[in-house]
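Colleague: prediction below, plus the sequence it came from.
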Amino acid sequence: MWTRSESPADPPWDDEIVNRVCAGDTQAFAALVDRYQRPVIALGVRFLRDYHEAEDFAQEVFLQAFRAIDGYRRQGRFYAWLMRIAYHLGCRKAGRGSLCCLPDESAVVDTRPTPAEQLEEENARREVEDAVRSLPKRYRDCIRLYYFFEMSYEEVSDVTGYPLNTVRSHIRRARLLLAERWGGDR
């Protein structure tokens, strides 16, 4: 998972690749798959809680995106358009309208030096998961897309269908509820 400052911004050539695909160069789509496969799988893991199912999910997302690529209007980032497809497919596949708990990223790469630090980090992660899970669905979805998938307010609005000011309000309220849970003004 990347940090907010490392969010996958669409390089200027994403639109160029989309133009090539629309013009019949279907092989060019592979560059978009390579670039965005990781965040699509990560979203799939959050919905389906299984990495292998998330890989299948990602294939389905990219197939839908390929079939609908003429519908990409280039008014926003390709990444946000693709994640909107993934979000709605994930909602249907998971049979619920919100993202699941965070995957345990320590299972992928263990960089923690001591068992005590591992336990402390795991407890903190669990506390964050529980806190986010306790939020109302509308707040939970917005805050996860904003922080864990590094989407802008506009992109969260596009993905969820909530108006932009509603997204801002939901994220603000989620922050306040989380701060109350931890007893501070964060």
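Modeller: It's in. Please read these numbers as outputs of a predicted model, since none were measured by experiment.
Colleague: from here on, just use CA atoms for contacts and neighbour counts.
Modeller: Fine.
Colleague: from Ala131, how far out is the residue nearest in space to the middle of the chain?
Modeller: The centroid of the chain falls nearest to Phe149 when counting by CA atoms, centre = their mean (3.8 Å). Computed with CA to CA, to the nearest Å, the distance linking Phe149 and Ala131 is 18 Å.
Colleague: what comes up buried for the helix or strand of the chain with the lowest mean pLDDT?
Modeller: Least confident helix or strand, the chain: helix 115-133 with a mean of 77, by mean pLDDT, DSSP states H and E. Within helix 115-133, the residues scored as buried using 16 or more other CA atoms under 10 Å are 125, 128, 131-133.
Colleague: closest one of those residues to Tyr51?
Modeller: Arg125 (19.2 Å; CA to CA).
Colleague: low-confidence ranges in the protein?
Modeller: 1-12, 75, 96-114, 117-118, 183-186 (pLDDT under 70).
Colleague: what ranges do the helices span in it?
Modeller: For the chain, the helices defined by DSSP state H cover 13-22, 29-48, 51-67, 78-94, 115-133, 137-143, 153-160, 164-181.
Colleague: which other helices and strands contact the first one?
Modeller: Packing partners of helix 13-22 (3 or more CA pairs under 8 Å, 6 or more residues apart in numbering; DSSP states H and E): helix 29-48.
Colleague: quick check: angle from the helix it packs on to helix 78-94?
Modeller: On the basis of axes from the mean of the first three to the mean of the last three CA atoms, to 10 degrees, helix 29-48 is oriented at 40 degrees to helix 78-94.
Colleague: which helices and strands does helix 29-48 pack with?
Modeller: helix 13-22, helix 51-67, helix 78-94.
Colleague: try it again at 6 Å.
Modeller: Judged by 3 or more CA pairs under 6 Å, 6 or more residues apart in numbering; DSSP states H and E, helix 29-48 is in contact with helix 51-67.
Colleague: how far out from the middle of the chain is the helix it packs on?
Modeller: Its chain's average C-alpha position is 14 Å from that of helix 51-67, according to CA atoms, centre = their mean, to the nearest Å.
Colleague: cool, and stretch 20-33?
Modeller: Taking mean C-alpha positions (CA atoms, centre = their mean), stretch 20-33 and its chain are 23 Å apart.
Colleague: buried set for that stretch?
Modeller: 21, 28-29, 32-33.
Colleague: hmm, back to that, tell me the most buried of the helices of the chain?
Modeller: helix 137-143 (a mean of 22; mean count of other CA atoms under 10 Å).
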